[in-house]
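Undergrad: have a look; sequence and predicted model below, questions after that.
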Amino acid sequence: MKYEELKEKYKSFIYKDYQIEEDEANIYLKYCFEIEGLKQFNPILKIRKKNFKINHLHSNIAQNVAFHIGIIEAISYFKATCSQYFWIKCGKLKEEQIKWFKKLIYFGLGEFRYKNKIQVSQEDFVQIFSEGKRWEVEECQTNLQDCIIPIGGGKDSNVTLELLKQSSQKRFGFRINLEDVSRKCAEIAELKEDEIFEVERKIDTNLIELNQQGFLNGHTPFSALVAFITYFVAIIFDKKYIVLSNEDSANESNIKGQNINHQYSKTVEFENDFRNYVTNYITPNGPEYFSILRPISEIQIAKLFSKLEAYHPVFKSCNVGSKEKQWKWCCDCPKCLFAFIILSPFLYREKLITIFGEDLFEKESLLQTFIELCGYSQNKPFECVGTYREIRFAISKTIQNTKFQLPFLLNYYQEHFELLEEDMLKEYNPNNNLPEEFEQILKRSLFEC
């Protein structure tokens with residue numbers, strides 16, 4: 001179905017209500033959305049209580065954050081029709097807040113707009129109106145402490161888990177949708193069951209039906225949703241730091257000459273926007289949100305991870321393989337090839353083949369993906385992958401390290417492109433939000449590695 005037809009036929013998307021409920025085992029965040037004239041949706045977030053002490057579940061700050069989670073969750077449902085009007089009936093926003101969400105929706109749906117051939121300005125993409133209670137900014141009344149670390153199962157969050165063993169703050173993991181891989185990574189990191197916050201996200205089946213019927217579908221800013229959910233968890237459990245694993249590389253666009261970024265809600269721009277937003281519109285002294293890996297690149301993270309051998313048989317980041325009953329490396333997608341490339345200067349050949357099950361550098365079927373990852377085509381694959389420069393650097397280092405006959409893809413690179421001579425392993429981006437203790441941990445670990 002076409003964007004122009006859908007937004008005209010279904011003009012209004014409505015965020016009707018939200019509720020915080022609980023029973024002995026769980027906390028529930030329940031939401032009610034509607035595409036007027038089409039469908040109603042009732043997604044649910046379930047947070048497991050375990051034995052955690054809950055202090056502020058029904059406080060104004062927690063209510064405020066729960067309300068905001070609903071706006072982000074609503075994006076997944078709004079995108080089915082891209083209605084002209086986004087009505088918020090359960091909370092009043094200031095004009096500056098509306099501008100903030102219009103920016104997030106526009107750039108967070110950048111890949112979605114590109115793939116659905118939607119050409120529209122940020123100002124005209126959606127009009128947001130709100131009514132109801134206006135939540136006032138309040139100060140946290142308790143002493144916050146400890147860290148929350150979102151665990152995705154990939155190399156980056158595993159590096160963060162290990163880095164923060166050096167912190168004075170106690171570590172708590174955070175898992176959403178509860179894949180087995182993230183649980184195994186938490187176990188390797190020596191986190192106990194009562195040191196892991198677990199959230200289950202239930203998508204309304206009405207949305208799945210619309211997707212199957214050909215309504216608009218595509219990538220949403222999931223990391224922005226995680227940001228608000230972890231902030232809610234930090235508020236109700238009195239945690240001081242939310243420590244992300246987003247690197248400097250996330251800032252690069254996927255389309256040359258355009259600001260279309262698959263990883264928009266992992267960028268330093270979003271990180272800064274989020275930090276400013278929660279300070280100005282939720283609480284000025286609440287949990288602190290930052291990425292400990294922001295100053296460094298994927299190639300530096302790969303070097304750190306190459307030393308963490310206990311995680312090598314377990315970690316996964318292939319989105320294709322995640323849809324299988326048991327998460328695996330599919331060995332045919334851009335994410336698999338990128339992970340193989342970025343680790344290759346440190347683990348190629350036997351160790352990488354053990355991890356992936358085959359030598360991806362020998363696969364001729366991956367040539368076009370290889371060229372795209374290296375930056376010698378118009379687009380970079382829409383995946384969480386590194387920059388062109390660090391991919392070229394990793395390949396160049398691997399070619400220089402390889403003492404036997406080069407496999408197909410490395411030989412192709414050597415014959416068609418230039419080797420990168422500069423050393424990226426010593427670079428450090430000062431544009432970050434690391435508190436001093438965490439910056440010292442990162443710098444010390446880079447030096448030791």
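TA: Thanks, I have the structure now. Because the structure is a prediction, the values reported are computed rather than measured.

Undergrad: how about the nearest residue to residue 244, chain neighbours excluded?
TA: Nearest non-adjacent residue to residue 244, counting by Cβ to Cβ, 6 or more residues apart in numbering: residue 291, 3.8 Å away. For every residue, glycine as well, the C-beta is placed using N, CA and C.

Undergrad: an error on my part: the question was meant for residue 225.
TA: Counting by Cβ to Cβ, 6+ apart, the residue nearest residue 225 is residue 72, at 4.6 Å.

Undergrad: before we move on, which element is the one you found in?
TA: Using DSSP states H and E, residue 72 falls within helix 60-78.

Undergrad: which secondary structure elements does that helix contact?
TA: Counting contacts by 3 or more Cβ pairs under 8 Å, 6 or more residues apart in numbering; DSSP states H and E, helix 60-78 is packed against strand 12-22, strand 26-35, strand 85-88, helix 95-108, helix 222-237.

Undergrad: in CSV, list these along with distance to residue 317, mean pLDDT and mean neighbour count.
TA: Formatted as CSV, the helices and strands packed on helix 60-78 follow (distance: least, Cβ to Cβ, whole Å; pLDDT from 0 to 100; neighbours: other Cβ atoms under 10 Å):
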stretch, distance to residue 317, mean pLDDT, mean neighbour count
strand 12-22, 32, 97, 18
strand 26-35, 27, 98, 20
strand 85-88, 32, 98, 20
helix 95-108, 21, 98, 18
helix 222-237, 14, 97, 23
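
Undergrad: for these, give me a markdown table that also has distance to residue 276.
TA: As requested, these are exported to a markdown table (distance: least, Cβ to Cβ, whole Å):
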| stretch | distance to residue 276 |
| --- | --- |
| strand 12-22 | 23 |
| strand 26-35 | 24 |
| strand 85-88 | 20 |
| helix 95-108 | 9 |
| helix 222-237 | 13 |
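
Undergrad: closest to residue 139 out of these?
TA: Distance to residue 139, taken as Cβ to Cβ, is lowest for helix 222-237 among these, at 12.2 Å.

Undergrad: how big is the angle separating that closest one from strand 12-22?
TA: Orientation of helix 222-237 against strand 12-22 (axes from the mean of the first three to the mean of the last three Cα atoms, to 10 degrees) gives an angle of 30 degrees.

Undergrad: the helix or strand just after helix 222-237 vs helix 222-237, what angle?
TA: Later in the chain than helix 222-237, the nearest helix or strand by DSSP H and E is strand 239-244. Per the same axes, to 10 degrees, the angle that strand 239-244 makes with helix 222-237 is 160 degrees.

Undergrad: what lies in contact with strand 239-244?
TA: Contact with strand 239-244 is made by 144-150, 160, 164, 169, 172, 227, 230-231, 233-234, 266, 271, 287-294, 435, 438, as judged by Cβ atoms under 8 Å, 6 or more residues apart in numbering.

Undergrad: for residue 343, give its distance to residue 381.
TA: 17 Å (Cβ to Cβ, to the nearest Å).

Undergrad: more neighbours: these two, which one.
TA: The residue with more neighbours, out of residue 343 and residue 381, is residue 343; 25 against 18, by other Cβ atoms under 10 Å.

Undergrad: which strand or helix spans the nearest residue to that one once chain neighbours are set aside?
TA: What sits nearest to residue 343 in space, not counting adjacent residues and going by Cβ to Cβ, 6+ apart, is residue 302, at 5.1 Å. Using DSSP H and E, the element containing residue 302 is helix 298-306.

Undergrad: which strands or helices does that helix pack on?
TA: Using 3+ Cβ pairs under 8 Å, 6+ apart, the elements in contact with helix 298-306 are helix 155-163, helix 334-347, helix 388-401, helix 436-448.

Undergrad: out of these, which gets nearest to residue 199?
TA: helix 155-163 (15.2 Å).

Undergrad: mind giving me the packing neighbours of the helix or strand following the closest one?
TA: Counting by DSSP H and E, the element after helix 155-163 in chain order, helix or strand, is strand 171-176. When contacts are defined as 3+ Cβ pairs under 8 Å, 6+ apart, strand 171-176 packs onto strand 145-150, helix 180-188, strand 196-202, helix 222-237.

Undergrad: go again using 6 Å as the cut-off
TA: When contacts are defined as 3 or more Cβ pairs under 6 Å, 6 or more residues apart in numbering; DSSP states H and E, strand 171-176 sits against strand 145-150, strand 196-202.

Undergrad: so how far is the first one off the chain centroid?
TA: The reference is to strand 145-150. In terms of Cα atoms, centre = their mean, to the nearest Å, the centre of strand 145-150 is set 16 Å apart from its chain centre.

Undergrad: what does the helix holding residue 302 contact?
TA: For helix 298-306, contacts defined as Cβ atoms under 6 Å, 6 or more residues apart in numbering pick out 155-156, 159, 247, 249, 293, 342-343, 346-347, 386, 390, 393-394, 424, 449.

Undergrad: quick check: PyMOL command selecting the buried ones in these.
TA: Buried subset of the contacts of helix 298-306, written as a PyMOL selection, criterion 16 or more other Cβ atoms under 10 Å:
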select buried, resi 155+156+159+247+249+293+342+343+346+347+386+390+393+394+424
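
Undergrad: about what we covered before: contacts for the helix holding residue 72, please.
TA: Residues outside helix 60-78 that contact it (Cβ under 6 Å, 6+ apart) are 13, 15, 18, 20, 29, 31, 33, 41, 43, 56, 91, 105, 135, 138, 207, 220, 224-225, 228-229, 231-232, 235-236, 282-283.

Undergrad: do the same with stretch 93-110
TA: Outside stretch 93-110, the residues that reach it (Cβ under 6 Å, 6+ apart) are 75, 122, 125-126, 128, 130, 221, 260-261, 264-265, 277, 281.

Undergrad: of these, keep whichever come out buried.
TA: 75, 125-126, 128, 130, 221, 260-261, 264-265, 277, 281.

Undergrad: and these, which is the shakiest by pLDDT?
TA: Within the set of the buried ones among the contacts of stretch 93-110, pLDDT is lowest for residue 261 (84).

Undergrad: helix, strand or coil for it?
TA: Three-state assignment for residue 261 (DSSP: H, G, I helix; E, B strand; the rest coil): coil.

Undergrad: that one and residue 255 touch, don't they?
TA: No - counting by Cβ atoms under 6 Å, residue 261 does not reach residue 255; the two are 8.6 Å apart.

Undergrad: of the helices and strands packed on helix 298-306, which is nearest residue 419?
TA: Closest to residue 419 of the helices and strands packed on helix 298-306 is helix 388-401 (Cβ to Cβ; 4.1 Å).

Undergrad: gap between the closest one and the chain center?
TA: Helix 388-401 sits 25 Å away from the centroid of its parent chain (Cα atoms, centre = their mean).
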